[in-house]
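Novice: The following comprises the amino acid sequence and a computationally predicted model.
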Amino acid sequence: MIERFLRMGTMIGAALVLALSAAAAPAAEPAATADWPPYATVRDETSLYIRWRTAEPSQDRLILYGDGAKKELGTFAEKAPLQAHRVLLEGLKPGALYPYRISGTKNAGMEGQLRVPRQGRELNFFVIGDTQALTEPGTLDMELSRQRLTVDAIAGDPVPGDFLVHTGDLVESGNLPEWNGFFHLIAPLTSRMPLFAVKGNHDDRTGRFVEAFAFPLGEKPYGTDWHHFATENALFIFLNLNFSSIPQVSETDYWLSLVLEQFKDRKWKFVFTHQPIYSNVERDSDTPYRALFEPLFIKYGVDVVFSGHHHAYQRISRNGVTYIVSGGGGAATYSPLMDRRLEGTAKTEEKTLHYLRGRILGDTFVLDVRLVGRENQPGNVERADGEIDRFERTKP
């Protein structure tokens, strides 16, 4: 059904496949810098992309290993020098760990490992939002000390993550130095787990988000306007709400209804957006997204909608759906909340850096909101830890 809508054919193979044609391995490997260290994005339950960006065009190769790096599974080589690199790996085993090594003509070598998200009844994921930052005046360097507090806290979390979700505004203006800064910032996490991201309004200012997360499917790049990932008992939906035309709105609504219908038997359903459906920030306390999508969320029993955009924490429950707004990834903590809270508001917290940890434990879902820092004075964040909120739901 969804496949017909996207005009796609059968694309899941039984073996590892390279999205690029094979060629002889490059001979020389001089030193060079990686603008974007390697990271993995998920295409489907058994397929991942490994992506990276080199400072100069480089003809690279990737060697994939299995069985604890003891067994070489395949070597994938590019036919021509590129800066933006993308290798598709199919037929992977959920829950398995695959080490890899990348080298090339302008690439001295990078190593990493990818773990495919599990497909059973248990799964852990982290959520971060609004990490945008500006370059320092007169330089191309990023001031990311606030963001590093959040990334370091997730890296030190004792719960192993199956994947990381970014709810948008990864960068401020979308220029290349900002994207370089983001991928180096997030590397301690993306070296351990795949990354999903939804496009924020700041990410929509250039085409770099599409370069970083899209993949070819049918006649156009896919994965940045909408995307989904399903496990044995859970559905994860990622939506871009930066609408620029009425047809885009209609296509998104239609796609969402198809996916929710196809996976209506999943016990847990989660939706990720950048702009919130409900929020206690006055300018967005009533949005057009609510009329568009809330009826579908209610009809199909969506459990939680995660959003960013507003740099505070909010938990609001309406019509059986829990709405989480979390913009505590490191950006300035503006977005003051209204004194009079919306009906269904259960918890709010302003001027904090924080992240979310979601755990699916069979018939129970647990969300922990972890404190990282407090802004006690404008522009000054003090490291802190503890729990901001905890939400738990059990289904028969």
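Specialist: Arrived safely. Residues are numbered from 1 along each chain as shown.
Novice: any idea where the strands of the stretch 151-300 of the chain begin and end?
Specialist: Using DSSP state E, counting those that start in this stretch, the strands found in the stretch 151-300 of the chain span residues 163-166, 195-197, 215-217, 220-222, 226-230, 234-239, 268-272.
Novice: a markdown table for those, including mean neighbour count?
Specialist: C-betas here are computed from N, CA, C, even on glycine. Formatted as a markdown table, these follow (neighbours: other Cβ atoms under 10 Å):
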| stretch | mean neighbour count |
| --- | --- |
| strand 163-166 | 24 |
| strand 195-197 | 22 |
| strand 215-217 | 16 |
| strand 220-222 | 14 |
| strand 226-230 | 20 |
| strand 234-239 | 23 |
| strand 268-272 | 24 |
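Novice: These: which one's closest to residue 305?
Specialist: Ranking these by proximity to residue 305 (Cβ to Cβ) places strand 268-272 first, at 4.6 Å.
Novice: Can you give me the buried ones in the one helix or strand residue 317 maps to?
Specialist: Using DSSP states H and E, residue 317 maps to strand 313-318. For strand 313-318, the neighbour count (16 or more other Cβ atoms under 10 Å) marks 313-316, 318 as buried.
Novice: Including pLDDT and distance to residue 98, could these go into a markdown table?
Specialist: Putting the buried residues of strand 313-318 into a markdown table (pLDDT from 0 to 100; distance: Cβ to Cβ, whole Å) gives the following:
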| residue | pLDDT | distance to residue 98 |
| --- | --- | --- |
| 313 | 96 | 35 |
| 314 | 96 | 38 |
| 315 | 97 | 36 |
| 316 | 97 | 40 |
| 318 | 95 | 42 |
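Novice: Which among the strands of the stretch 151-300 of the chain is found nearest to residue 97?
Specialist: strand 163-166 (13.8 Å).
Novice: Need the contact partners of the closest one.
Specialist: If you take Cβ atoms under 8 Å, 6 or more residues apart in numbering as the criterion, strand 163-166 is touched by 42, 117, 125-129, 131, 154, 186, 189-190, 193-198, 236, 238, 272, 306, 329.
Novice: And the pLDDT for residue 300?
Specialist: As predicted, residue 300 sits at a pLDDT of 98.
Novice: rewinding a little: what is the nearest of the buried residues of strand 313-318 to residue 352?
Specialist: Of all those, residue 352 sits closest to residue 313, with 6.5 Å by Cβ to Cβ.
Novice: ok, now how distant is the closest one from residue 382?
Specialist: Residue 313 is 17 Å from residue 382, where distance means Cβ to Cβ, to the nearest Å.
Novice: Surely residue 318 and residue 343 touch.
Specialist: Yes. Residue 318 lies in contact with residue 343 (Cβ atoms under 8 Å); the separation is 7.4 Å.
Novice: can you list the domain ranges for this structure.
Specialist: The chain resolves into domains spanning 2-115, 122-394 when parsed by automatic domain parsing.
Novice: just the helices in this structure please.
Specialist: Assigned by DSSP state H, the helices in the chain fall at 2-6, 145-155, 176-190, 208-213, 246-262, 288-299.
Novice: Would you mind giving those as TSV with distance to residue 358 and mean neighbour count added?
Specialist: As requested, the helices of the chain are arranged in TSV below (distance: least, Cβ to Cβ, whole Å; neighbours: other Cβ atoms under 10 Å):
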stretch	distance to residue 358	mean neighbour count
helix 2-6	24	13
helix 145-155	12	19
helix 176-190	15	20
helix 208-213	21	21
helix 246-262	19	15
helix 288-299	17	16
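Novice: between these, which one is nearest to residue 349?
Specialist: Nearest to residue 349, of those and by Cβ to Cβ, is helix 145-155 at 14.4 Å.
Novice: Now do the closest one: distance to the chain's middle.
Specialist: 16 Å (Cα atoms, centre = their mean, to the nearest Å).
Novice: got it, and stretch 272-291?
Specialist: Its chain's C-alpha centre and that of stretch 272-291 lie 20 Å apart, by Cα atoms, centre = their mean.
Novice: List the buried residues in it.
Specialist: For stretch 272-291, by 16+ other Cβ under 10 Å, it's 272-281, 284, 287, 289.
Novice: tell me the mean pLDDT over it?
Specialist: Average pLDDT, stretch 272-291: 89.
Novice: Take that stretch, keep the C-alpha atoms, and write them as CSV.
Specialist: Presented in CSV, the C-alpha positions along stretch 272-291 are these (Å, rounded to 0.1, in the frame of the first residue of the first chain):
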residue,chain,number,x,y,z
PHE,A,272,8.3,12.9,16.0
THR,A,273,7.9,16.4,14.6
HIS,A,274,9.7,19.7,15.1
GLN,A,275,6.8,22.1,15.5
PRO,A,276,4.6,21.1,18.5
ILE,A,277,0.9,20.1,18.2
TYR,A,278,0.2,21.5,21.7
SER,A,279,2.4,24.0,23.5
ASN,A,280,2.2,26.5,26.3
VAL,A,281,4.2,29.1,24.3
GLU,A,282,1.5,31.7,23.5
ARG,A,283,2.3,32.2,19.9
ASP,A,284,1.9,28.5,19.2
SER,A,285,-0.8,27.6,21.7
ASP,A,286,-3.2,27.0,18.8
THR,A,287,-1.6,25.7,15.6
PRO,A,288,-3.0,24.4,12.2
TYR,A,289,-1.1,21.2,12.7
ARG,A,290,-3.6,20.2,15.4
ALA,A,291,-6.6,20.2,13.1
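Novice: Begin at 20 from now on, thanks
Specialist: Sure thing, new numbering starts at 20, so read that last one as stretch 291-310.
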